[in-house]
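Novice: Turn this into a structure:
(one chain, ligands or ions: 1)
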Amino acid sequence: MKITSIESWLQPFELTRPYTIAFDTISSVENAIVKIVSDDGSIGLGAASPYEEVTGESISVCMEALQPDSMQWLQGSDLCELPRLCRQLRETIPSAHAARAAVDMALHDLWAQHLGAPLVDVLGRAHTTLPTSITIGIMSVEEALEEADEYLGRGFRILKVKLGHSLDEDLERLAKIRENVGEHIGLRVDPNQGYSMAETERFVQETEPLNIELLEQPMKADDIKSMRALPESTRRLLAADESLHGEADALALVAPPVACGIFNIKLMKCGGVTSAMRIAAIAETAGVELMWGCMDESIISITAALHAALASPATRYLDLDGSLDLARDIVEGGFVLEDGCLRTSDAPGLGLLLLA
Ligand SMILES: [Mg+2]
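Specialist: As a prediction, the model looks like this:
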């Protein structure tokens, strides 16, 4: 199966509900879409959602990396050589990780379609379905309780609460949320680097009765030393997000004493399914659990992340809510969300249908 054309374009998406995290308020996003067609007419799709503060890649850098001239080498390539193509892709797009992720997932989509099975099965399925968290941004206690109620009403059973503006307010809001939702709802939190080491320790101590499932990136991304200096029981709760981009970061984090118990893998940070599966292998070997996260993304890339997640034995947490607030997507199909749990469809590849 040979590639006959590669196309990319900029796709704006309005969000149905703008939200605030530790360093920004977001109301609309732009994704770069990649469409690769093969000689039997199959279409492979990819999407890039670069986020400069996290990945250092702006949407213009991303689009530049996807210019037709830079993708020309793929023309006429055989999908049977997928691993070599993905290796060459890494050489062609070394630093625009979201751009590379979009091409990498489109190639994987086409490859699995060619093999006639969902991508997760071609990669080696380890899980059938897992619950996903849904995110509550930084807002007042009243607003947070209202949003939590709405999400539980929609069937979600795990809430991810964004923190990081003020520790005292965070503690108050979390306690109220726990009181309101009851003890059977999972609560995970993400201060997005908003805490010092002392604040992180205080947070862990004071939230002990709240049964917090995991604590994502409380401290600065480059402060691995402070992560390592925390007690083992705290490190086990830590999920590295901004500290973890590609395979090299994963290796650095697992060097003893292991800096965190959980890796938050995002395709936009690491550059696609190829790198994600390599990070997943490092995690599995080191006894680190996996969480799969996202930016504000099309169903296309959320689905690609889900296929990789369900093909990784170390996967324990999904945080793949990034397409739920898009006012309108450009595809149908992809992941299936039921009672707060995500699974893939039975369709070959990523199972996506591009809308006209
Ligand atoms: Mg995060």
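Novice: OK, contacts around the residue in the stretch 201-350 of the chain positioned nearest to the ion?
Specialist: Among all residues of the stretch 201-350 of the chain, Asp241 sits closest to the ion, at 3.7 Å; criterion: CB to the ion. Placement of C-beta: from N, CA and C, glycine included. Going by CB atoms under 8 Å, 6 or more residues apart in numbering, Asp241 touches Val54, Asp190, Asn192, Glu216, Gln217, Asn264, Lys266, Gly293.
Novice: Repeat that for Glu242.
Specialist: Per CB under 8 Å, 6+ apart, neighbours of Glu242: Val54, Asn192, Gln193, Gln217, Ala221.
Novice: picking that back up, gap between the residue of the stretch 201-350 of the chain closest to the ion and Val336?
Specialist: Between Asp241 and Val336 the computed distance is 26 Å (CB to CB, to the nearest Å).
Novice: Then Leu152?
Specialist: Here Leu152 is placed at a distance of 20 Å from Val336 (CB to CB).
Novice: residues in this protein within reach of the ion, list them.
Specialist: Asp190, Glu216, Asp241 (CB under 5 Å from the ion).
Novice: Apart from its neighbours in sequence, what residue is nearest the first one?
Specialist: Residue nearest to Asp190 in three dimensions, not counting chain neighbours: Glu216, with 3.9 Å by CB to CB, 6 or more residues apart in numbering.
Novice: gap between that neighbour and Leu237?
Specialist: From Glu216 to Leu237 the distance is 10 Å (CB to CB).
Novice: Equivalent analysis for Ile136, please.
Specialist: Counting by CB to CB, the gap from Ile136 to Leu237 is 19 Å.
Novice: Give the buried residues for stretch 134-148.
Specialist: Ile134, Thr135, Ile136, Gly137, Ile138, Met139, Ala144, Leu145, Glu147, Ala148 (16 or more other CB atoms under 10 Å).
Novice: Export the contacts of Asp241 to a markdown table and append columns for pLDDT and secondary structure.
Specialist: Output for the contacts of Asp241, formatted as a markdown table (pLDDT from 0 to 100; DSSP: H, G, I helix; E, B strand; the rest coil):
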| residue | pLDDT | secondary structure |
| --- | --- | --- |
| Val54 | 76 | helix |
| Asp190 | 97 | strand |
| Asn192 | 95 | coil |
| Glu216 | 98 | strand |
| Gln217 | 98 | coil |
| Asn264 | 98 | strand |
| Lys266 | 98 | coil |
| Gly293 | 98 | coil |
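Novice: show me the contacts for Ala305.
Specialist: Taking CB under 8 Å, 6+ apart, one finds Ile265, Lys266, Leu267, Ala276, Trp292, Cys294, Leu320 in contact with Ala305.
Novice: Next: Ala117.
Specialist: Per CB under 8 Å, 6+ apart, neighbours of Ala117: Pro348.
Novice: Where do the strands of the stretch 101-250 of the chain begin and end?
Specialist: Here the stretch 101-250 of the chain has its strands, by DSSP state E, counting those that start in this stretch, at 130-131, 134-136, 158-162, 186-190, 215-216, 238-240.
Novice: In terms of secondary structure, what does the fourth one contact?
Specialist: The helices and strands touching strand 186-190, judged by 3 or more CB pairs under 8 Å, 6 or more residues apart in numbering; DSSP states H and E, are strand 158-162, helix 167-181, strand 215-216.
Novice: Highest mean neighbour count out of the ones you listed?
Specialist: Of all the helices and strands packed on strand 186-190, strand 215-216 has the most neighbours on average by mean count of other CB atoms under 10 Å, namely a mean of 26.
Novice: For it, give me every contacting residue.
Specialist: With CB under 8 Å, 6+ apart as the test, strand 215-216 has contacts from 160, 188-192, 200, 203-204, 234, 237-239, 241, 264, 291.
Novice: Now tell me which helix or strand of this structure has the poorest mean pLDDT.
Specialist: helix 52-55 (a mean of 80; mean pLDDT, DSSP states H and E).
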